[in-house]
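Q: need the 3D shape of this:
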Amino acid sequence: MEAKLWESPLLSPSLPLLPSLNLHFPSSTRLLARSFFSDTVPIDNKEKEQLVTSVKPTYSPTPPNRHLRTPHSGYHFDGTTRKFFEGWYFKLSIPERRQSFCFMYSVESPSFRKPLTPLEVAQYGSRFTGVGAQILGADDKYICQFSPESQFFWGSRHELMLGNTFVPNQNSKPPNKEVPPQEFNDRVLEGFQVSPLWHQGFIRDDGRSNYVETVKTARWEYSTRPVYGWGDVGSTQKSTAGWLAAFPVFEPHWQICMAGGLSTGWIEWDGKRIEFDNAPSYSEKNWGGGFPRKWFWVQCNVFEGASGEIALTAAGGLRQIPGIAETFENAALVTLYSI
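A: Modelled structure (predicted):
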């Protein structure tokens with residue numbers, strides 16, 4: 001069956017370049033994503049026992065020229081010292097448990113691998129540096145690990161692949177590319193690696209998030225089978241924000257990398273192992289030098305009574321027009337995939 005993309009530009013003829021969430025990690029960070037299901041119904045212990053299926057995900061290395069790879073899947077840092085961040089958002093939903101997990105990764109000012117010295121601040125201005133990993137998960141609990149240093153972060157220039165080592169295993173060199181799961185476990189004590197087909201990591205909460213209920217640690221391994229990229233299935237995939245996303249205007253840029261997919265694996269969350277099979281999944285990213293003045297964002301892959309694979313994304317915001325001081329435009333987009 002052919003899948004079609006339905007999109008509705010709102011308010012402005014130009015497409016939005018908007019974030020899914022604030023991926024900056026200053027001390028005043030506030031969580032701007034929420035995991036929820038409507039009409040939530042408690043699940044008793046007997047039902048929970050029936051949901052455990054001893055799922056074991058299967059690792060596959062990312063192939064070259066992958067089917068459904070979208071434009072802008074790769075890491076966009078150009079090596080200059082301009083203000084820059086890149087952030088990634090991956091979500092999976094577990095309908096039978098009425099829970100979701102949102103994995104959020106970011107790198108800030110990667111031209112500075114460590115916090116700026118006083119001389120660098122005088123030369124370039126104040127910059128926020130580092131790498132962060134956040135998860136908003138079951139029961140709206142949260143975990144965040146951040147390092148002000150980014151020397152062990154890596155990202156592929158052409159594919160949706162990235163990773164970071166917060167703490168390496170003793171006498172081990174941190175990876176600088178995708179590696180098989182066992183090799184990752186042997187080399188990385190705390191960190192993560194992500195590809196379009198595989199997600200893996202272990203992070204430890206660093207205690208910075210006193211405004212939300214947190215978990216101490218999270219560990220995960222799961223595989224993903226993309227169903228939709230961004231564009232009609234079987235056709236060349238598209239840039240969500242159009243051709244202007246190739247230039248540093250209307251920042252931040254926004255790309256839906258996988259409008260819908262199915263994930264299988266497990267997450268150890270708050271001391272409990274949660275397994276899932278063919279869980280509806282989604283991924284997107286943002287990059288650039290700043291955020292819109294105001295924005296909104298909604299995304300859902302699970303609908304009561306629906307059949308087949310459905311993906312809804314709606315986003316909009318107030319963004320500055322380049323070269324015109326204090327001049328802003330409204331831009332928004334509603335998209336629906338169905339098969």
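Q: wait, what's in contact with D78?
A: The neighbourhood of D78, defined by Cβ atoms under 8 Å, 6 or more residues apart in numbering, consists of F84. C-beta coordinates here come from the backbone N, C-alpha and C atoms, glycine included.
Q: quick one: it from N176, how far?
A: As defined by Cβ to Cβ, to the nearest Å, D78 lies at a distance of 19 Å from N176.
Q: any buried residues in stretch 146-156, and which?
A: Of the residues in stretch 146-156, those buried under the neighbour-count criterion (16 or more other Cβ atoms under 10 Å) are F146, S147, P148, S150, F152, F153, W154, G155, S156.
Q: wait, isn't the fourth one in contact with P110?
A: Yes: at 5.4 Å, S150 and P110 qualify as touching, with contact defined as Cβ atoms under 8 Å.
Q: and the helices in the stretch 151-300 of the chain?
A: In the stretch 151-300 of the chain, the segments counted as helices under DSSP state H, counting those that start in this stretch are 181-187.
Q: low-confidence ranges, it, go.
A: In the prediction, the stretch 151-300 of the chain carries no residues with pLDDT under 70.
Q: what segments of it are strands?
A: Assigned strands in the stretch 151-300 of the chain, in chain order: 153-155, 162-168, 188-194, 198-204, 217-228, 253-269, 272-288, 294-300 (criterion: DSSP state E, counting those that start in this stretch).
Q: show me what the last one is packed against.
A: Identification of packing neighbours for strand 294-300 by 3 or more Cβ pairs under 8 Å, 6 or more residues apart in numbering; DSSP states H and E yields strand 310-320.
Q: that older thread, please name whichever of the strands of the stretch 151-300 of the chain is nearest to D139.
A: Taking Cβ to Cβ, strand 253-269 is the member of the strands of the stretch 151-300 of the chain nearest to D139, at 8.8 Å.
Q: tell me the angle of that closest one relative to strand 272-288?
A: Between the axis of strand 253-269 and that of strand 272-288 there is an angle of 160 degrees, by axes from the mean of the first three to the mean of the last three Cα atoms, to 10 degrees.
Q: CA-only coordinates of strand 253-269, as PDB, when you get a sec.
A: Below are the C-alpha coordinates for strand 253-269, written out as PDB (Å, rounded to 0.1, in the frame of the first residue of the first chain):
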ATOM      1  CA  HIS A 253      16.300  24.600  11.000                       C
ATOM      2  CA  TRP A 254      14.000  21.700  11.500                       C
ATOM      3  CA  GLN A 255      13.900  18.200   9.900                       C
ATOM      4  CA  ILE A 256      11.600  15.300  10.600                       C
ATOM      5  CA  CYS A 257      13.900  12.400  10.100                       C
ATOM      6  CA  MET A 258      11.400   9.600  10.600                       C
ATOM      7  CA  ALA A 259       7.700  10.400  10.700                       C
ATOM      8  CA  GLY A 260       6.900   6.900  11.800                       C
ATOM      9  CA  GLY A 261       8.700   3.700  12.600                       C
ATOM     10  CA  LEU A 262       8.400   0.600  14.800                       C
ATOM     11  CA  SER A 263      10.900  -0.100  17.600                       C
ATOM     12  CA  THR A 264      11.700  -3.400  19.500                       C
ATOM     13  CA  GLY A 265      13.800  -3.700  22.700                       C
ATOM     14  CA  TRP A 266      13.900  -2.700  26.300                       C
ATOM     15  CA  ILE A 267      14.600   0.200  28.700                       C
ATOM     16  CA  GLU A 268      15.700  -0.100  32.300                       C
ATOM     17  CA  TRP A 269      13.900   2.800  34.000                       C
END
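Q: and it with strand 217-228, angle?
A: With the same axes, to 10 degrees defining the directions, strand 253-269 sits at 130 degrees from strand 217-228.
Q: in three-state terms, label the residue of the chain most remote from its centre for me.
A: The C-alpha centroid of the chain is most remote from L119, which lies 33.7 Å away (Cα atoms, centre = their mean). At L119, secondary structure determined by DSSP: H, G, I helix; E, B strand; the rest coil is helix.
Q: so what's it scoring on pLDDT?
A: Note on L119: pLDDT of 97.
Q: contacting residues around it?
A: For L119, the set of contacting residues under the criterion of Cβ under 8 Å, 6+ apart is empty.
Q: want to throw the strands of the stretch 151-300 of the chain into CSV with distance to L312?
A: CSV is the format used below for these (distance: least, Cβ to Cβ, whole Å):
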stretch, distance to L312
strand 153-155, 28
strand 162-168, 26
strand 188-194, 23
strand 198-204, 22
strand 217-228, 12
strand 253-269, 9
strand 272-288, 10
strand 294-300, 5
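Q: just flag the most distant two among the buried residues of stretch 146-156.
A: For the buried residues of stretch 146-156, the maximum inter-member distance is 23.5 Å, found between P148 and S156 (Cβ to Cβ).
Q: please identify which of the strands of the stretch 151-300 of the chain is closest to T335.
A: With Cβ to Cβ as the measure, strand 253-269 is the member of the strands of the stretch 151-300 of the chain nearest T335 (7.4 Å).
Q: how far does that closest one sit from its chain's centre?
A: In terms of Cα atoms, centre = their mean, to the nearest Å, the centre of strand 253-269 is found 8 Å from the chain centre.
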